[in-house]
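# Return a 3D structure for these sequence lines:
(2 chains)
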Amino acid sequence: MSLMKRISLIFRSKANKAIDRAEDPRETLDYSYQRQLELLSKVRRGVADVATSRKRVELQVNQLEQQASKLQGQAEKAISVGREDLAREALTRRSALSGQISDLRAQHAQLQGEEEKLTLAQQRLQAKVESFRTRKETIKATYTAAEAQTRINEAMSGIGEEMGDVGLAIQRAEDKTANMQARAGAIDELIASGALDDASSINRGDDISRELEAMSSESEVENELARLRAKANPQAIEAADEGNGILQAEPEKKATEGGNS
Amino acid sequence: MIVRILGEGQYDVSDEALPRLNELDATVEQSVESGDVGSFTSALTALLEGVRTVGVPHPDDSLDESDLILPPSDATIDEVRELLSDDGLIPG
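Predicted coordinates for the structure are as follows:
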């Protein structure tokens, strides 16, 4: 027997087994309708869950991209002060981040795909549930229990197949999302622990920033010293001019220190 | 006849298209048996694409049963094997 036929038979027999049979076949319709409504709200929750995961990945991509551009800036700054070693370190970290970013982008695309699929599944199920409701009322109004059986079987098998399909789609989406959530959780932890350095936070700073800052404050001290020396000894005026030139690069610090003196 | 692609919905497929789909189906079946992932993926893609090309979407609000049911487009070999087993994929 062909693959298609085997899958069809097995799928159908499972869908049929899932139907709750009632003594009065017309009650079976109500049971089934109840389960359809439950499945419908389950698929809605599924869509919402996948959307939440997708947004979380979006947020992470943004955070990592910010971090990457910050590292790029640090590398440029490091080069401008002649520290190739720091620049290399910053660029190495940035390239590790790009790997993670492209991995997250792929996850994002996959989640988006799942979201679309589930949304469509929800629409299809919704349409079928609505038809089923109409058919159910007609059957109950028109037929005796004995007469109703055939009509009921027809209505039930069609909706049963759809329910099996939607149930499967939800399960697969859950499996995929769970897998990605574990990875997203790991990245959140990395971001929180500072291993990916949210170094833009003012208080902490990462090691590259600290070293670059240390260097600029060192040169500031030298410049300030030179300026003071020049004041005390006007013959050293040339040195002071040079010093002022470098000081221009740090206008804020200069202003603060000026205020203190 | 009505063909369902799991996760995608039902299609109306004319009987004339069946021999071609059966050929594609046989290729999928062979690759599932041999466990060849590469040929399985391309065979399944060809089969589903064949259904989408010759088929017309069946109305969403119909309660008709499908004549044939096919695996989802991103199914793995293992998932297809599960669909073929008694305690397989479909949640009760």
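# okay, now residue 52: neighbour count?
Just so you know, I chose chain A. If you count neighbours by other Cβ atoms under 10 Å in any protein chain shown, residue A:52 ends up with 13. C-beta: built from backbone N, CA, C; applies to glycine.
# wrong chain, I was asking about chain B
By the criterion of other Cβ under 10 Å, residue B:52 has 16 neighbours.
# Might one say that it is in contact with residue B:13?
No. In this structure, residue B:52 is not within contact of residue B:13 by Cβ atoms under 8 Å, at 9.9 Å.
# domain assignment for chain A?
Domain assignment for chain A, taken from automatic domain parsing, gives A:3-151, A:219-261.
# Relative to chain B, which of those is closest?
domain A:3-151 (3.8 Å; Cβ to the nearest Cβ).
# For the chain, give me the ranges with low pLDDT.
With no chain named, the answer covers chain A. Residue ranges of chain A with pLDDT under 70: A:1, A:194-205, A:216-217, A:220-221, A:234-261.
# that answer is for a different chain, and I need it for chain B
Scanning chain B for pLDDT under 70 picks out the ranges B:86-92.
# where do the helices sit along it?
B:18-34, B:37-54, B:77-83 (DSSP state H).
# Would you mind giving those helices as TSV with distance to residue A:80 added?
Shown next, in TSV, are the helices of chain B (distance: least, Cβ to Cβ, whole Å):
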stretch	distance to residue A:80
helix B:18-34	58
helix B:37-54	51
helix B:77-83	55
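# Out of these, which gets nearest to chain A?
Counting by Cβ to the nearest Cβ, chain A lies closest to helix B:18-34 out of the helices of chain B; the figure is 4.1 Å.
# Please name the residues that touch residue A:132.
For residue A:132, the contact set (Cβ atoms under 8 Å, 6 or more residues apart in numbering or on different chains) comprises A:32, A:33, A:36, A:155, A:159, B:63.
# rerun at 10 Å
Residue A:132 sits next to A:29, A:32, A:33, A:36, A:125, A:155, A:156, A:158, A:159, A:162, B:61, B:63 when contact means Cβ atoms under 10 Å, 6 or more residues apart in numbering or on different chains.
# Over to residue A:103?
By Cβ under 10 Å, 6+ apart, residue A:103 lies in contact with A:57, A:61, A:183, A:187.
# Drop anything exposed from those.
The neighbour-count test (16 or more other Cβ atoms under 10 Å in any protein chain shown) marks A:57, A:61, A:187 as buried among these.
# Surely the first one is in a helix?
It refers to residue A:57. Yes. Judged by DSSP: H, G, I helix; E, B strand; the rest coil, residue A:57 forms part of a helix.
# Next, work out how far apart it and residue A:65 are.
Distance, residue A:57 to residue A:65, by Cβ to Cβ, to the nearest Å: 12 Å.
# Next: residue B:61.
44 Å.
# How about residue A:156?
51 Å.
# In contact with the residue positioned nearest the centre of chain B: list those residues for me.
The centroid of chain B falls nearest to residue B:70 when counting by Cα atoms, centre = their mean (2.1 Å). By Cβ under 10 Å, 6+ apart, the contact list for residue B:70 reads A:3-4, A:7-8, A:11, B:3-8, B:11, B:21, B:25, B:28, B:44, B:47-48, B:51, B:80, B:83.
# same question, residue A:111
A:50-58, A:173, A:176-177, A:180, A:184.
# which of these count as buried?
Applying 16+ other Cβ under 10 Å to these, the neighbour count classes A:50, A:51, A:53, A:54, A:56, A:57, A:173, A:176, A:177, A:180, A:184 as buried.
# who touches the third one in this structure?
Residues touching residue A:53, when contacts are defined by Cβ under 10 Å, 6+ apart, comprise A:107, A:108, A:111, A:114, A:115, A:173, A:176, A:177, A:178, A:180, A:181, A:184.
# export those residues to TSV and tack on secondary structure?
TSV is the format used below for these (three-state DSSP):
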residue	secondary structure
A:107	helix
A:108	helix
A:111	helix
A:114	helix
A:115	helix
A:173	helix
A:176	helix
A:177	helix
A:178	helix
A:180	helix
A:181	helix
A:184	helix
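# so of the domains of chain A, which one's packed in deepest?
Of all the domains of chain A, domain A:3-151 has the most neighbours on average by mean count of other Cβ atoms under 10 Å in any protein chain shown, namely a mean of 17.
# how far does that domain stretch from start to finish?
Using Cα to Cα, to the nearest Å, one end of domain A:3-151 lies 30 Å from the other.
# now stretch A:14-27
Its start and end residues considered, stretch A:14-27 measures 21 Å (Cα to Cα).
# I'm done for today, thanks for sticking with me.
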